[in-house]
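Trainee: Here is my input; please provide its structure:
(one chain, ligands or ions: 1)
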Amino acid sequence: MSSSFSELGLSDSILRALESCGYTEPTPIQAQAIPLILQGRDIIGAAQTGTGKTAAFALPTLQRLDKSLGHPRCLVLVPTRELAVQVEENFRRYGQHAGLNITLLYGGVGYHEQVAGLRRGADIIVATPGRLLDLWGRRQAHLDKIEVLILDEVDRMLDMGFIEDVSRIIRLCPKERQTLLFSATVEKSILNIAKWALREPETVDARSGATAAETVAHYVYPVESYQKYDLLLTLLAKTDFKSVLVFTRTKRDADRITEWVESTKNTVATLHADRSQPERAEALAGFKSGKYQVLVATDIAARGLDIRGITHVFNYNVPEHPEDYIHRIGRTGRAMEEGVAYTLFSPDEVLYLQAVERLLGKPIERRKLDDFKYRFEPMMGANTSTPTLAPALRRRNR
Ligand code: AMP
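Mentor: Model prediction:
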């Protein structure tokens with residue numbers, strides 16, 4: 001594997017940008033994908049966020065586009081607005097000496113600025129599917145000269161029900177093009193798209209459970225579900241953190257936890273799909289700037305977010321999809337920094353936890369919080385069965 005960016009064939013202007021980003025060596029996905037993309041190959045990249053996948057596709061693409069021709073030549077399709085903003089930021093940073101125009105298109109905001117961006121002559125469009133099709137229908141976004149099509153987090157786009165929109169957009173691009181498909185999981189539905197949308201793709205795999213987990217110390221705290229709130233707040237109070245991301249499965253839990261955290265001395269913001277775009281942007285900006293120490297988010301809203309310097313991730317639930325565990329804990333310990341992730345685990349989640357441990361290939365260390373008044377002895381073993389809980393007590397604690 002190459003040990004420096006210059007050995008991968010990247011140009012001086014890109015190397016200068018990387019220097020100002022402080023990147024000294026390529027991550028594994030970058031070392032594998034960059035030379036292939038520079039050669040014009042189609043790629044299936046199996047990689048979750050935290051692996052450096054954005055730079056893996058952005059750097060060689062910027063280099064291949066070379067100079068501005070004043071019309072859209074590269075389209076990056078992403079599932080969420082937040083990810084769109086992040087990918088665009090990355091393209092800007094890496095392309096700071098490239099002289100290419102980049103435009104961001106996503107829903108929930110007015111058209112004016114986005115249309116103006118397109119009219120100025122965008123070389124690169126970073127977009128969510130709905131708004132892109134909308135602007136295409138209004139004859140504002142032109143896809144007939146796209147040379148590089150990048151489909152990012154395709155698994156999430158499919159989960160979110162975008163399959164038809166994504167397929168339509170692929171068909172709107174010229175047949176003669178380079179296509180780069182990135183996805184955390186590469187299951188049948190993804191391969192089905194690859195079959196017709198990609199040409200002799202090379203698969204580049206940077207998923208190993210260890211990739212995300214390597215720099216993250218992660219622990220499971222077994223607890224009955226009705227004591228999760230208490231345990232979460234006690235853990236928060238006992239933890240010396242700079243910034244904490246709390247993941248929940250539901251929007252309702254996110255709202256409730258936010259209220260709980262508000263009652264402590266910490267500042268807190270919430271990120272989920274029912275919040276308006278300005279609210280989401282404010283929550284994220286406030287968390288990044290340090291105005292909020294705690295961000296409570298659902299998986300969908302938080303997937304792929306790249307926020308630097310998160311010291312702790314708290315999983316209020318064990319995720320239903322094991323890959324989400326890697327995504328969630330991948331929010332901390334980013335690119336060589338150390339992070340800590342805690343997962344609260346109740347007996348009804350035993351199958352989910354087993355799936356996560358299967359994916360990681362090893363059990364996650366169980367921990368018990370000293371001085372916490374557990375109503376039931378927590379299950380500390382890796383292979384745990386549901387403990388007995390008196391029915392009367394279950395009812396009382398609902
Ligand atoms: P991504 O997986 O694209 O979301 O990137 C994860 C994080 O790693 C981002 O904060 C990038 O800025 C950072 N990053 C990407 N490539 C490198 C690299 N080669 N060295 C150090 N940090 C990197």
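Trainee: Only C-alpha atoms from now on, for both contacts and neighbour counts.
Mentor: Fine.
Trainee: Pairing partners for residue 202 in the sheet, please.
Mentor: residue 43 (DSSP bridges).
Trainee: roughly how far apart are it and the ligand?
Mentor: To the ligand, residue 202 is 19 Å away according to CA to the nearest ligand atom, to the nearest Å.
Trainee: confidence score at that residue?
Mentor: Model confidence at residue 202, given as pLDDT, is 90.
Trainee: Contact partners for it?
Mentor: Shown in contact with residue 202 (CA atoms under 8 Å, 6 or more residues apart in numbering): 41, 42, 43, 44.
Trainee: Any of the residues you listed buried? List them.
Mentor: 41, 42, 43, 44 (16 or more other CA atoms under 10 Å).
Trainee: want to throw these into TSV with distance to the ligand and pLDDT?
Mentor: TSV is the format used below for the buried ones among the contacts of residue 202 (distance: CA to the nearest ligand atom, whole Å; pLDDT from 0 to 100):
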residue	distance to the ligand	pLDDT
41	20	96
42	19	96
43	16	95
44	15	94
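Trainee: Mind putting the residues you listed into JSON lines with distance to residue 109?
Mentor: JSON lines is the format used below for the buried ones among the contacts of residue 202 (distance: CA to CA, whole Å):
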{"residue": "41", "distance to residue 109": "35"}
{"residue": "42", "distance to residue 109": "33"}
{"residue": "43", "distance to residue 109": "32"}
{"residue": "44", "distance to residue 109": "32"}
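Trainee: In terms of helix, strand or coil, where does residue 307 fall?
Mentor: coil (DSSP: H, G, I helix; E, B strand; the rest coil).
Trainee: In this model residue 288 seems to touch it, though I could be wrong.
Mentor: Yes - here residue 307 reaches residue 288: they are 6.5 Å apart, a contact under CA atoms under 8 Å.
Trainee: Which one's more surrounded, those two?
Mentor: residue 288 (18 against 15; other CA atoms under 10 Å).
Trainee: secondary structure class for the more buried one?
Mentor: helix.
Trainee: So what's the residue count around the residue lying closest to residue 160 once chain neighbours are set aside?
Mentor: By the measure of CA to CA, 6 or more residues apart in numbering, the closest residue to residue 160 outside its immediate chain neighbours is residue 79, 7.7 Å from it. When counting by other CA under 10 Å, one arrives at 28 neighbours for residue 79.
Trainee: wouldn't residue 79 be in contact with residue 129 here?
Mentor: Yes - here residue 79 reaches residue 129: they are 7.2 Å apart, a contact under CA under 8 Å.
Trainee: any idea whether the closest residue to residue 197 other than its chain neighbours is helix, strand or coil?
Mentor: Nearest non-adjacent residue to residue 197, counting by CA to CA, 6+ apart: residue 170, 7.1 Å away. Judged by three-state DSSP, the three-state class of residue 170 is helix.
Trainee: For the closest residue to residue 100 other than its chain neighbours, give its distance to the ligand.
Mentor: Spatially, and ignoring its direct neighbours in sequence, residue 100 is nearest to residue 68 (5.1 Å; CA to CA, 6+ apart). With distances taken as CA to the nearest ligand atom, residue 68 is found 24 Å from the ligand.
Trainee: residues contacting residue 68?
Mentor: By CA under 8 Å, 6+ apart, the neighbours of residue 68 are 99, 100, 101, 123.
Trainee: helix or strand for it, which one?
Mentor: Counting by DSSP states H and E, no helix or strand carries residue 68.
Trainee: got the phi/psi numbers for it?
Mentor: phi -70, psi 130 (degrees, to the nearest 10).
Trainee: what do you get for residue 17?
Mentor: According to degrees, to the nearest 10, residue 17 has phi -60, psi -40.
Trainee: Residue 77 now?
Mentor: phi -100, psi 130.
Trainee: Just confirm residue 58 is within a helix.
Mentor: Yes - assessed with three-state DSSP, residue 58 lies in a helix.
Trainee: Looking at the residue nearest to residue 160 now. What's its pLDDT?
Mentor: 95.
Trainee: From residue 324, how far off is it?
Mentor: 15 Å (CA to CA, to the nearest Å).
Trainee: Kindly report the same for residue 89.
Mentor: 24 Å.
Trainee: Neighbour count: these two, which is higher?
Mentor: With neighbours defined as other CA under 10 Å, residue 89 and residue 324 compare such that residue 324 has more, 18 against 14.
Trainee: With adjacent residues omitted, what lies nearest to that one?
Mentor: Residue 324 sits nearest to residue 299 (CA to CA, 6+ apart), 7.5 Å away.
Trainee: Repeat that for residue 367.
Mentor: Distances taken as CA to CA, 6+ apart place residue 221 nearest to residue 367, at 5.1 Å, with adjacent residues excluded.
Trainee: In contact with the one you found, which residues?
Mentor: 342, 343, 344, 345, 366, 367, 368, 369.
Trainee: what do you get for residue 101?
Mentor: Residue 101 neighbours (CA under 8 Å, 6+ apart): 68, 70, 121, 122, 123, 124.
Trainee: Which single one of those residues is nearest to residue 49?
Mentor: Residue 49 has its nearest neighbour among the contacts of residue 101 in residue 124, at 21.0 Å by CA to CA.
Trainee: quick one, phi/psi of that closest one?
Mentor: Per degrees, to the nearest 10, the backbone of residue 124 is at phi -120, psi 130.
Trainee: and it, how many residues sit next to it?
Mentor: Residues within reach of residue 124, counting by other CA under 10 Å, total 28.
Trainee: Likewise for residue 192?
Mentor: There are 11 residues near residue 192, going by other CA under 10 Å.
Trainee: what do you get for residue 106?
Mentor: Neighbour count of residue 106, defined by other CA under 10 Å: 24.
Trainee: does it really touch residue 82, like I thought?
Mentor: No - in this structure, residue 106 is not within contact of residue 82 by CA under 8 Å, at 9.3 Å.
Trainee: That's all I had, so thanks and see you.
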